[in-house]
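A.B. asks: Let me see the structure of the following:
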Amino acid sequence: GFGKVKRAKIWGDKGCKRGVHLGSWTAVCSKRVQGGLGLRSAHHMNLAALGKRGWKLLRGEAGLWCELLKAKYGLQFSGPRMVQTTSCSPSSVWTRIKHGLNTVVEKDVKWNIGDGRLISFWGDSWLKDRPLREFSVAVLTEEESNAKVYNMWNNVQGWDWGRLVSVLPPQQLLKLAAIRIFQEEGLEDCLGWGADPSGAFTVGSAYKITVGPIELGTDDLPKSLLRKIWNLRVSERIRCFVWLAAKGKILTNSERRQRHMTNSAICILCSRADESIIHLFRDCEVIRSLWKDIIIPRNHVHFFSIPPIDWIKCNLNDGFKNCFQAEGGIVFGTVTWWIWKWRNGKAFRGDQLPPHKKQLIEQQVKDFVVAWGRKIARTSGTEQSISLVRWDRPHTDWCKISIDGSVTGDHNLVAVGELYGTLKGHGYVAFP
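C.D. replies: Predicted structure coming up:
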């Protein structure tokens with residue numbers, strides 16, 4: 001089905017050849033803040049869509065398909081559910097819609113009380129998640145069991161307390177006392193969807209019900225770290241890559257050897273140690289020199305000594321200052337992504353690493369900063385235009401002064417310059 005096609009696309013399955021599955025499909029389909037990719041399960045989405053069809057049928061909405069099903073199977077509304085009254089064998093369409101009604105809709109359908117003529121007082125779940133019959137402390141007669149909410153209310157005295165006090169416990173009586181029935185206004189009872197605040201059925205809220213709560217495992221990442229990963233101002237491909245790296249799912253040679261995909265775990269770049277994630281992206285001699293050029297010197301000791309997960313957290317939280325003066329998360333994601341590309345190019349095509357690695361990464365970081373700046377400007381409606389800045393001569397009898405400064409992050413050096421001029425000429429003075 002569609003779910004199989006979706007999994008094949010994610011994991012790279014081709015025909016009879018199975019790709020490398022880096023995690024369970026349940027985890028992949030969980031929310032991003034729960035450690036997944038946020039993809040929707042085709043199975044649960046199908047149930048939610050069937051629930052929507054069942055909801056339309058339950059609410060009596062107009063439609064040719066509704067009329068056909070009602071006429072063929074003699075469907076009748078009984079409480080918050082549809083009952084088949086004919087002996088006609090169900091088709092696959094009606095079977096699937098009924099399955100959606102039973103597994104999705106009936107879990108969270110609620111009554112919105114109007115005049116109380118349609119709601120069974122004891123049999124329907126209108127006051128609480130369970131029918132009042134389950135709270136009864138006495139045996140109900142047949143007449144009482146068939147009573148509607150309308151029959152238990154009097155416009156003058158309110159609820160029929162004389163009948164209810166001896167049957168219901170005090171807690172339920174208090175809840176009844178807070179509800180009023182407006183019989184004189186002619187409001188009809190109607191069904192509402194309890195999973196959405198508006199009361200309207202939505203496929204999104206139904207999908208949440210079909211999935212249910214997902215418990216985080218012991219190896220899942222903290223929510224704060226996951227939010228940092230998915231809020232990185234880089235491309236979606238790099239965010240997914242950082243997510244895999246943080247979960248330890250990158251197919252380095254060490255990981256490939258554990259999966260019996262290779263006999264050697266030696267690093268492709270340096271050929272001196274096992275290629276684990278932390279070795280490839282930080283401790284490898286080839287990569288270590290690149291990081292030293294990017295991270296300012298005073299952070300080197302801490303940068304190369306902390307444990308892997310703390311190293312990722314610190315990078316994403318902008319804990320290490322870089323010579324590009326950009327966000328730490330952007331630099332970290334860009335560098336690790338390019339390291340992985342260079343590694344794969346050398347492993348599978350025999351490519352050599354480019355000589356100007358730092359300049360290439362710097363340009364990529366600048367592109368991300370500019371792109372996200374434009375996106376934010378478009379979103380906020382404050383997109384700025386680029387204009388040429390130049391020095392113009394002042395008017396007659398005027399002296400024009402321009403002051404500018406700069407600072408280097410590597411050595412903490414500051415320089416300030418002053419440019420002054422008149423209509424006939426100008427001079428330059430610098431203050432170190």
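
A.B. asks: which parts of the strand or helix carrying residue 339 are buried?
C.D. replies: Per DSSP states H and E: residue 339 is located in helix 328-349. The neighbour-count check on helix 328-349 (16 or more other C-beta atoms under 10 Å) flags 328-340, 342-343 as buried. All C-beta atoms are positioned from the backbone trio N, CA, C, and that covers glycine.

A.B. asks: Repeat that for stretch 96-109.
C.D. replies: Within stretch 96-109, the residues that qualify as buried by neighbour count (16+ other C-beta under 10 Å) are 96-98, 100-101, 103-106, 108-109.

A.B. asks: Residue 353: which of the residues you listed is nearest?
C.D. replies: Closest approach between the buried residues of stretch 96-109 and residue 353, by C-beta to C-beta: residue 104, at 53.8 Å.

A.B. asks: Distance check, that closest one against residue 281.
C.D. replies: 44 Å (C-beta to C-beta, to the nearest Å).

A.B. asks: now do residue 305
C.D. replies: Distance from residue 305 to residue 281, by C-beta to C-beta: 15 Å.

A.B. asks: Who has more neighbours out of these two?
C.D. replies: It is residue 281, of residue 305 and residue 281, that has more neighbours when counted by other C-beta atoms under 10 Å, with 23 against 9.

A.B. asks: mind listing the strands for the stretch 51-200 of the chain?
C.D. replies: With DSSP state E, counting those that start in this stretch as the criterion, the stretch 51-200 of the chain has strands at 75-77, 82-84, 109-112, 153-154, 158-159, 190-193.

A.B. asks: Nearest to residue 247, out of these?
C.D. replies: If we rank the strands of the stretch 51-200 of the chain by C-beta to C-beta, the stretch that ends up nearest is strand 190-193, at 35.7 Å.

A.B. asks: where does the stretch 301-432 of the chain dip in pLDDT?
C.D. replies: Counting by pLDDT under 70, the stretch 301-432 of the chain contains low-confidence ranges at 380-391, 408-412, 419-432.

A.B. asks: 50 instead, please
C.D. replies: Counting by pLDDT under 50, the low-confidence segments of the stretch 301-432 of the chain come to 430-432.

A.B. asks: Touching, residue 114 and residue 192? I think so.
C.D. replies: No. With contact defined as C-beta atoms under 8 Å, residue 114 does not count as touching residue 192 (11.3 Å).

A.B. asks: Common neighbours of those two, please.
C.D. replies: With contacts taken as C-beta atoms under 8 Å, 6 or more residues apart in numbering, not a single residue reaches both residue 114 and residue 192.

A.B. asks: Of the buried residues of stretch 96-109, which belong to helices?
C.D. replies: Taking DSSP state H as the definition of helices, those contribute 96-98, 100, 106, 108.

A.B. asks: Make a markdown table from these and add distance to residue 2 and pLDDT to it.
C.D. replies: Listed next are those as a markdown table, based on distance: C-beta to C-beta, whole Å; pLDDT from 0 to 100:
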| residue | distance to residue 2 | pLDDT |
| --- | --- | --- |
| 96 | 15 | 92 |
| 97 | 19 | 90 |
| 98 | 22 | 89 |
| 100 | 17 | 89 |
| 106 | 26 | 82 |
| 108 | 25 | 83 |
